[in-house]
Each structure stands twice: as structure tokens, then as C-alpha cells.
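Peer 1: With the input below, show me the fold.
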Amino acid sequence: MFSKPLEILKRLLRPVPIGSVGWGPSTLLFAGVLTMGSYWVLNTYLMNRVLYVVREDRPQQFQESFSADEFRRRVRQATNASFALDKEPFASVFQSAPSKLPLPFSQLYFELVQRIIRGDRVVDNTETAKDTLIKETIQKHLSGNITGWRIYRLYTQPLSGQKLLDDLIKIEPSLQSRLAEIKDGDKYRDFLVKFAELAGQPAREPIRDLNRFNGIVQWLTVWLFWIILLILVRRVFYFLPLRKGGKLFDPASSFQTRENIQKYLPKTLFQNSGDTNNEFLDRVRSMEATTYRTIEFLISLLPSLGFVGTVIGMGDALLAADGLFSSRDKQQTITHITQQLGYAFDTTLIALIAALLAGVLVVICRIHENRVYTDIANQFFYPKPKR
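Peer 2: You can find the predicted model right below:
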């Protein structure tokens, strides 16, 4: 069953001869598959974390347990409400909220909308299909309206309490009529907008982490890092057979015979049996120079990609700032600007970390590679003659 995939994997990771880089189309394709797999795992985790926080958590200032009056006071302070929250429909919802800890604010918002729509009507607690749609819409907005492909890139939108209220009115038009009937309905509308933004506070940090890794520049950075890693892995596989038992990183292990070593290394390295060990090492370093120059060039591309992402993010932020004062929802525009600035600096951060890791791995690989060739030279070639 797995013989065919294993054969393909074996061919993709086949050893790279000395003097070759090993970054052909198969390596580029395999690196792309690994990048998509990495993004699927990462985005699945981050997206589930966002949804969990929205469904189960509440803002930091409401984590502890306190009385209903203190709860209403904190809500009023956080939303800058211009009226007391001791009247219906707020009184019944917020009266029982402290006793329902840790009830998330997404559920409180849903119950508040339900109470406004139903008014004083006595109904059972059975959720209708429309109620389910309202709850899903609330959770979707609070979680950033996540869209896109997990294997490539996920997009989020800044939370807008006004946009959420407009979408709820589209689902349930009676919500607008109920707000129009209620005295001070405009104040209630403003409160719903601000309370939605308060309910979305717990999800800001996980959404921020989700945006940190999602972008075309970040994807290309991870892809390039996988290319470098695959090149190094194929080089390690090339050196494994050179020691008995394949113990590459054990200096105490003895080498194969000269005849077996010649099966793995190019014949040009053994063309003169009278060469000294230094002459053998000079030929090896000459053949490897091109390989490591290519790898070092690929590593140097990582921070360059990061700087490109920084320029793109800052440019988008400046374009968004240009329409700030003409925007209807200034809070959403400001959030978009900060997200773009975060994207700008995160691309450089991820690229620098990737370059650092790749550089360390190259140094480790090169140290052991030089140790292998030095041991081969000392075992199978004459030492440098003394003068």
C-alpha cells in the first residue's frame, strides 16, 4: 500500500553527489508540498484556537467572579454606555451573567440580541434555525471572518460592531424595527456596536498570531527554508554510507575500505594514488565551493524576502491611513492599519529566524562534512612530507 509513496520519497531524498547542489524540480516541488503541509497544520491549530477563545472565553477584566451590579458597572465603563444597564433587556441578561461564569461574551451578545428581538414575549429555549444562524454570524465576526486556504493563506477582517449589527438585521429584520420602537433605541444600537467590540477582545491575540504567519511573503520564506533543509538532508544521506554502520556523527567509527569509499566519492578524487592528504582535501574543497556558494546565496535570500514583505506591509498601511478620516468605521480602519504594520515587521522577523536556523544547520553540516573528508584523507592518503 505504501510502497509507491515510499519509493517516491526515496527518490526525492536520494543522496546528492559531491560538487552538486541537488535543488532540481523534484526538490522544489517536494519543498512546496512540505510548506503546504506545514501551513495546514499551523493554520488548523491557530484557527481552532481563535474559535475556542470566541466560544469559551471573555475579556480579561471579566474573568473573576463578582456581583451583578459590579458586572453591569464594568460593562458600562468598558463600552462608555450613556445609560444604566438596569432596565430590560439588559437587566435580565446581565443579572444572571455573573452566575454563569465562565459564560463567553459571544453568548451574552447572542442572548441580548434575542431579548431585543423577542421583547416581553414568553418563548421556550429551543433554538430555531434563524437563532443558530444568528449565533454563527456573531461567532464568525468575533473570530475575524476567517477565509482562505489553510495550505496557503488565511485572511481575517478587522472586527466591526456596526458591520455585525448590519448583518444581524439582514438575518432578522425585526431587530431594526424593535430598536426603532424602543425609547432611546439609538443608544441601544450604539451599545450593541461597542459591546460587540468588547466581546471580540479575547480573540485579538490569537487572531494576531494567525495573521503573523499568513501572507505570500511568509509562505515563500517557509518554502525557501524547506528547500535549504532538503538540500542539507540530501547531503547528510550522501555521507551516511561513508562510515561503517552509517554512523556519520561518531568520529570513533572506522571507515569502509578504500574500494568502498571510491564507490561513493567521485573518481577524480582518487586519480593519483600518490597524493598527500592535503592535496586530496584541496580537491574536495574546490568541488564543494560552488555547492556552498549556492546554499549561502539561498540563505541570503531569506532576509531579503523579509524586507520585501516589510515594504509591502508599510505601503498598504499608508494607503489605508490615507482614507482614515473619510471612513465610516474609523475603528475598523485603524485596526486594518495596525494589522498591516504588524504584517510588515512580522515578515522580517520570520525571515531572520529562518535565516538564523538555516545558517546554523549549514555550519553543523559543514563541520561534520569536513571532519569526514579529513578522516578519509588521513586514513587513505599519505601525510604531507616533512621538509
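Peer 1: From here on, just use CA atoms for contacts and neighbour counts.
Peer 2: OK.
Peer 1: so where is this protein shaky, pLDDT-wise?
Peer 2: 1-22, 65, 95-102, 119-127, 240-275, 277, 320-336, 380-387 (pLDDT under 70).
Peer 1: Using the record, which stretches count as separate domains in it?
Peer 2: Domains of the chain are assigned by automatic domain parsing as 54-203, 215-380.
Peer 1: Would you convert those domains into CSV that also reports distance to Trp23 and mean neighbour count?
Peer 2: Listed next are the domains of the chain as CSV, based on distance: least, C-alpha to C-alpha, whole Å; neighbours: other C-alpha atoms under 10 Å:
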stretch, distance to Trp23, mean neighbour count
domain 54-203, 22, 17
domain 215-380, 7, 17
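Peer 1: How about the contacts made by Gln201?
Peer 2: Contacts were defined as C-alpha atoms under 8 Å, 6 or more residues apart in numbering; by that measure Gln201 touches Arg58, Pro59.
Peer 1: What are the boundaries of the strands in the stretch 1-150 of the chain?
Peer 2: 147-149 (DSSP state E, counting those that start in this stretch).
Peer 1: Same check on the stretch 201-350 of the chain?
Peer 2: For the stretch 201-350 of the chain, no strands turn up when DSSP E, counting those that start in this stretch is the criterion.
Peer 1: Can you show me the helices along it?
Peer 2: For the stretch 201-350 of the chain, helices defined by DSSP state H, counting those that start in this stretch occupy the ranges 204-213, 216-239, 258-264, 277-322, 330-380.
Peer 1: Out of those, which is closest to Thr27?
Peer 2: When these are compared by C-alpha to C-alpha, helix 216-239 sits nearest Thr27, at 6.7 Å.
Peer 1: Which strands or helices does the closest one pack on?
Peer 2: Where contact means 3 or more C-alpha pairs under 8 Å, 6 or more residues apart in numbering; DSSP states H and E, helix 216-239 is packed against helix 25-56, helix 277-322, helix 330-380.
Peer 1: Include distance to Trp219 when you put the ones you listed into TSV, please.
Peer 2: Converted to TSV, those look like this (distance: least, C-alpha to C-alpha, whole Å):
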stretch	distance to Trp219
helix 25-56	7
helix 277-322	10
helix 330-380	10
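Peer 1: so which of those gets nearest Lys194?
Peer 2: Using C-alpha to C-alpha, the helices and strands packed on helix 216-239 put helix 330-380 closest to Lys194, at 10.6 Å.
Peer 1: Just want the angle from that closest one to helix 216-239.
Peer 2: 10 degrees (axes from the mean of the first three to the mean of the last three C-alpha atoms, to 10 degrees).
Peer 1: show me what contacts Ser143?
Peer 2: So Ser143 contacts Val50, Leu51, Val54, Gly200, Ala203, Ile207 (C-alpha under 8 Å, 6+ apart).
Peer 1: Same list (the residues you listed) but as JSON lines, adding distance to Pro89.
Peer 2: Formatted as JSON lines, these follow (distance: C-alpha to C-alpha, whole Å):
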{"residue": "Val50", "distance to Pro89": "29"}
{"residue": "Leu51", "distance to Pro89": "27"}
{"residue": "Val54", "distance to Pro89": "23"}
{"residue": "Gly200", "distance to Pro89": "21"}
{"residue": "Ala203", "distance to Pro89": "26"}
{"residue": "Ile207", "distance to Pro89": "31"}
